[in-house]
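Peer 1: Below are the sequence and a predicted model; questions follow.
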Amino acid sequence: MIAQEIMAIVDENGQLSLDTPLTLHKHSRVKVIVLFVEDEIDEDDESKESILEDLKTSLQQAKMGKIRPVSELWDGIDDE
């Protein structure tokens with residue numbers, strides 16, 4: 001079996017409309033597996049803006065020498 005990943009739209013009648021044509025050179029029967037793209041963002045997930053801001057802060061701290069050895073990152077994590 002050969003696999004191709006192609007995005008598509010499902011219309012109001014449940015019919016698939018491919019964004020781009022399949023690259024086949026002959027008429028073939030195919031097996032279709034539909035994976036739905038989730039539009040909703042999990043509320044527990046951080047926004048891209050929040051993550052970017054945290055990364056900028058971390059970079060500024062590193063440039064100022066405010067760093068910790070990797071060996072200390074997990075210190076106290078198992079304390080109850």
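Peer 2: That came through, no problem.
Peer 1: residue ranges of the strands in the chain, please?
Peer 2: Counting by DSSP state E, the chain has strands at residues 8-10, 16-18.
Peer 1: Could you tell me how many residues sit around A8?
Peer 2: 13 (other C-beta atoms under 10 Å). C-beta coordinates here come from the backbone N, C-alpha and C atoms, glycine included.
Peer 1: Contact partners for it?
Peer 2: 16-19 (C-beta atoms under 8 Å, 6 or more residues apart in numbering).
Peer 1: In TSV, list those residues along with pLDDT.
Peer 2: As requested, those are exported to TSV (pLDDT from 0 to 100):
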residue	pLDDT
L16	92
S17	93
L18	92
D19	92
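Peer 1: Greatest separation within these: which pair is it?
Peer 2: L16 and D19 (10.2 Å; C-beta to C-beta).
Peer 1: what residues do these two have in common as contacts?
Peer 2: Joint contacts of L16 and D19 (C-beta under 8 Å, 6+ apart) are 8-9.
Peer 1: which one of these two has more residues nearby?
Peer 2: L16 (11 against 8).
Peer 1: The nearest residue to the more buried one once chain neighbours are set aside bridge partners, please.
Peer 2: Excluding the flanking residues, the one nearest L16 by C-beta to C-beta, 6 or more residues apart in numbering is A8, at 4.7 Å. A8 forms beta bridges with L18, as assigned by DSSP bridges.
Peer 1: And L24, what's its pLDDT?
Peer 2: Per-residue confidence at L24 stands at 78 (pLDDT).
Peer 1: Could you check how far it is from E5?
Peer 2: In this view, L24 and E5 are 14 Å apart by C-beta to C-beta, to the nearest Å.
Peer 1: Which of the two has more residues huddled nearby?
Peer 2: L24 (10 against 5).
Peer 1: What separation do you get for the more buried one and G65?
Peer 2: Remark: distance between L24 and G65 (C-beta to C-beta) = 58 Å.
Peer 1: go on, L35?
Peer 2: 46 Å.
Peer 1: where do the helices sit along the protein?
Peer 2: 48-63 (DSSP state H).
Peer 1: Quick one: end-to-end distance for stretch 66-74.
Peer 2: 17 Å (C-alpha to C-alpha, to the nearest Å).
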